[in-house]
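# here is the input, now give the coordinates:
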Amino acid sequence: MSTLTIVLIAVIVLAVAFAVFMIVQKERSKKLRGRFGPEYDRVVRDSGSQRRAEDELAKREKRIEKLHLRELNRGEIDRYAGSWRAVQTKFVDAPRDAVAEADRLVRDVMATRGYPMGDFEQRAADISVDHPHVVRNYRAAHDIAARDAAGRATTEDLRQAMVHYRALFEDLLGETAVRHTTDRPVEVTR
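Got it, this is the predicted structure:
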């Protein structure tokens, strides 16, 4: 074989390897974007790099695989749904207390399902793997609760926090439980 033939074969092999690498990367990106939805875009934006974001999201998936997450049983769903109705009812007279209780109730459901109760960012990252379309609700509700703790949240903000918590709460309880938690809308007092 001539040197030119060897160089040509090497170039072709490198081109094929590069094409395969790009296809694999594109499929990985497509899979992660599909799984994480809006959370994918948030992590890309926050990390400043698609590759770093995808590495982070892949780490989240591996972390969740190691956890012993479980679905709630019917009794737990009914108990939590009843607690949620009580929290919603409390909102009318004590919106701040209701938001704080909604946060605690969401954390209780997460703990019962097997999610670790580390700091908020870790909880949100963990939730994003199986509940990517409602994790932004969790972040928004948490932000409102923090503003409320600093005395900077209005009653409308608190109502929005309840709506956000409810979306996550219903998703954590599961599809069959949704009808139990939405019996009453959140009302705003003036």
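# what is the least confident helix or strand in this protein?
Taking mean pLDDT, DSSP states H and E as the measure, the helix or strand of the chain with the lowest value is helix 178-181, at a mean of 45.
# right, and residue 117 touches residue 109 too?
No: here residue 117 does not reach residue 109: they are 11.3 Å apart, not a contact under C-beta atoms under 8 Å. Quick note: C-beta positions are derived from backbone N, CA and C, even for glycine.
# ok, the two, which is more surrounded?
Of the pair residue 117 and residue 109, residue 109 is the one with more neighbours under other C-beta atoms under 10 Å, namely 21 against 12.
# can you pull the phi/psi pair for residue 152?
Here is the backbone geometry of residue 152 (degrees, to the nearest 10): phi -120, psi 20.
# I misspoke; the intended subject was residue 8.
Torsion angles, degrees, to the nearest 10, at residue 8: phi -60, psi -40.
# per-residue confidence for it?
Model confidence at residue 8, given as pLDDT, is 89.
# one more: the one 4 residues further on?
The score at residue 12 is 92. That number is its pLDDT.
# can you give me the buried ones in stretch 11-23?
Residues of stretch 11-23 include none that count as buried (16 or more other C-beta atoms under 10 Å).
# export it as PDB, just CAs?
C-alpha atoms of stretch 11-23 as PDB (Å, rounded to 0.1, in the frame of the first residue of the first chain):
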ATOM      1  CA  VAL A  11      -8.900  10.200   7.000                       C
ATOM      2  CA  ILE A  12     -11.900   8.000   6.200                       C
ATOM      3  CA  VAL A  13     -11.700   6.200   9.500                       C
ATOM      4  CA  LEU A  14     -11.400   9.500  11.400                       C
ATOM      5  CA  ALA A  15     -14.400  10.900   9.500                       C
ATOM      6  CA  VAL A  16     -16.500   7.900  10.200                       C
ATOM      7  CA  ALA A  17     -15.500   7.900  13.900                       C
ATOM      8  CA  PHE A  18     -16.300  11.600  14.100                       C
ATOM      9  CA  ALA A  19     -19.700  11.100  12.400                       C
ATOM     10  CA  VAL A  20     -20.600   8.200  14.800                       C
ATOM     11  CA  PHE A  21     -19.500  10.400  17.700                       C
ATOM     12  CA  MET A  22     -21.700  13.300  16.500                       C
ATOM     13  CA  ILE A  23     -24.700  10.900  16.000                       C
END
